[in-house]
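1. Sequence and predicted model, in that order:
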Amino acid sequence: MDEVKPRDMDADQRHDEFTRTYGNDGDPAVTLVELVRAAGDFLTMIVRPEDAADGMHRIIGTMAGGGEDWREALADNESGAFSEWPFGSMLHNLSAYSRYGIDLGSEEEGDETEPEDRLREMVEAAERFLALCPLDAWLGKERTPDLENTISMARARWALDHDRPVEPEGLALLGGVSQGRMRNMVTGRDPEMHRENGLIPAHEALAWLEGRDNYFPSIWRTKRLSLSREEPGHGDADMRFFFIPEARDGSVFHPELRRRNGFTIGLKGEEERLENFEDALERLQGMHVPSWRRPAPSSRGGWGIVQGVSWIRMSQQELGRRARSEKVKMHENVKDQADE
């Protein structure tokens, strides 16, 4: 079967691809960890170190994991910032929009203005945050570019989605070319695209992106994530089913548990990381006691090990819905802990 091209993928296929690859192509929330660490070091210079340490344990919340050194806790759990902190969750969703042109907050039914308002608020919030960040002073010139790249891509996509001219830097990221190549494309005697006041007109940028095989055109206005339907054109014979381990509290092992370094499975001291969900599930199925890491349901820890007590049969669609539902609960727990 021929591989589906990015422009031909529907919202659910793009969501699955995003979930599978998130972290491999960059995780903007990791920069939040670096900023929080720098902020803690800055506070330690001003107040008593023990007071700063107490405050930082409170600030990083579940990522502290009960340890004494908040810096080590941040380093050990930096890949979980996108699910532990509300702003990290927002950046996670912004990444899906910036790279894949989808809205993770969408549903099959709903007000057509909701995605527009939601995405605009995310883009504007990210831009305000970036403008306030002391990136050069605190992180230096050699910092990880994921945060800035994600926001630049989101800004560029939002501009093109509204037929507005776009910055060359963001367009280069959307099209998957280097900044140097983009500069060559817009300069010289016979440039491929023209600039007006430093920006590339939307019609020229979109025409160029049409020829980029790795570009995902925006579909958030017309295609929403499916919460209940079966994939079109798939009968019962083509439905995929999985046997999924279920913990005592009713939670299950699902694709949304992937962190920057993959899925972590196995008992404490015997843990291993696997990049692919199905590979991790296969290993769990071979364990006497299936065990995996997932966010703790309370403020007593970060990502902890949970053991499966039963197995349930789920279709791919059911597993996707369950994963989204548990992810929402996970974010609500993080918010509740932040409000306490």
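-> That came through, no problem. Residues are numbered from 1 along each chain as shown.

2. any idea where the strands of this structure begin and end?
-> Ranges of strands within the chain are 241-247, 263-265, 272-274, 291-295, 303-315, based on DSSP state E.

3. contact partners of the first one?
-> The reference is to strand 241-247. Strand 241-247 has contacts (CB atoms under 8 Å, 6 or more residues apart in numbering) with 252-254, 281, 284-285, 290, 292, 306-316, 319. (C-beta placed from N, C-alpha, C; glycine too.)

4. Now find how far off-centre it is within its chain.
-> Once both centres are worked out by CA atoms, centre = their mean, to the nearest Å, strand 241-247 turns out to sit 24 Å from its chain's centre.

5. Flag every buried residue along that strand.
-> Using 16 or more other CB atoms under 10 Å as the test for burial, strand 241-247 gives 242, 244-247.

6. And residue 218, how far from residue 16?
-> Residue 218 is 18 Å from residue 16, where distance means CB to CB, to the nearest Å.

7. Tell me, how many residues neighbour the spatially closest residue to residue 176 that is not a sequence neighbour?
-> Leaving out its chain neighbours, the residue that sits closest to residue 176 by CB to CB, 6 or more residues apart in numbering is residue 214, at 4.7 Å. Neighbours of residue 214 under the rule other CB atoms under 10 Å: 13.

8. ok, the nearest residue to residue 275 once chain neighbours are set aside - how many residues close by?
-> Spatial nearest neighbour of residue 275, chain neighbours left out: residue 262 (4.4 Å); criterion: CB to CB, 6+ apart. If you count neighbours by other CB under 10 Å, residue 262 ends up with 19.

9. so who does residue 262 touch?
-> By CB under 8 Å, 6+ apart, the contact list for residue 262 reads 273-276, 280.

10. check contacts around the residue lying closest to residue 178 once chain neighbours are set aside.
-> Leaving aside its chain neighbours, residue 178 sits nearest to residue 172 (6.8 Å; criterion: CB to CB, 6+ apart). With contact taken as CB under 8 Å, 6+ apart, residue 172 is in contact with 178-179, 181-182.

11. buried subset of the residues you listed?
-> Counted by 16+ other CB under 10 Å, these give residue 182 as buried.

12. Looking at the contacts of residue 172, which one is closest to residue 166?
-> residue 182 (11.0 Å; CB to CB).

13. For that closest one, list the residues it contacts.
-> 168-169, 171-172, 175.

14. for these, which one is nearest residue 149?
-> residue 169 (9.0 Å).

15. ok, how many other residues are close to the nearest residue to the closest one once chain neighbours are set aside?
-> Once flanking residues are discounted, residue 169 sits nearest to residue 152: 5.6 Å by CB to CB, 6+ apart. By other CB under 10 Å, the residues close to residue 152 number 22.

16. for the one 4 residues further on, same thing?
-> By other CB under 10 Å, 25 other residues sit near residue 156.

17. Centre-most residue in this structure?
-> With distances taken as CA atoms, centre = their mean, residue 92 lies nearest the centre of the chain, 3.0 Å away.

18. For residue 29, see how far away that residue is.
-> 6 Å.

19. Check residue 123 too.
-> Separation of residue 123 from residue 29 (CB to CB): 16 Å.

20. More neighbours: which of those two?
-> Neighbours were counted for residue 123 and for residue 29 using other CB under 10 Å; residue 29 has more, 27 against 20.

21. Might you list the low-confidence residue ranges for the stretch 1-150 of the chain?
-> Scanning the stretch 1-150 of the chain with the threshold set as pLDDT under 70 gives 1-2, 25, 62, 64-67, 107-113.

22. Show me the helices in it, by range?
-> Assigned by DSSP state H, counting those that start in this stretch, the stretch 1-150 of the chain shows helices spanning 11-21, 29-46, 49-60, 70-77, 81-84, 86-100, 113-132, 135-139, 146-161.

23. Check the stretch 201-340 of the chain too.
-> Remark: helices assigned in the stretch 201-340 of the chain by DSSP H, counting those that start in this stretch are 202-210, 277-285, 316-339.

24. which other residues reach the second one?
-> In this case it means helix 277-285. Helix 277-285 is contacted from outside by 20, 242-245, 253, 255, 258, 262-263, 265-266, 272, 274, 290-292, 308, using CB under 8 Å, 6+ apart.

25. now do 6 Å
-> 245, 255, 263, 265, 274, 290 (CB atoms under 6 Å, 6 or more residues apart in numbering).

26. In contact with the last one, which residues?
-> With contacts defined as CB under 6 Å, 6+ apart, residue 290 is in contact with 245, 284, 308.

27. Now residue 11. Nearest residue, chain neighbours left out?
-> Excluding its sequence neighbours, the residue lying closest to residue 11 (CB to CB, 6+ apart) is residue 223, at 4.2 Å.

28. What does the one you found show for phi and psi?
-> With angles defined as degrees, to the nearest 10, residue 223 shows backbone torsions of phi -120, psi 120.

29. Neighbours of it, how many?
-> Neighbour count for residue 223, taken as other CB under 10 Å: 18.

30. Quick check: it vs residue 12, distance?
-> From residue 223 over to residue 12 the distance is 9 Å, taken as CB to CB.

31. Thanks again, I'm all set now.
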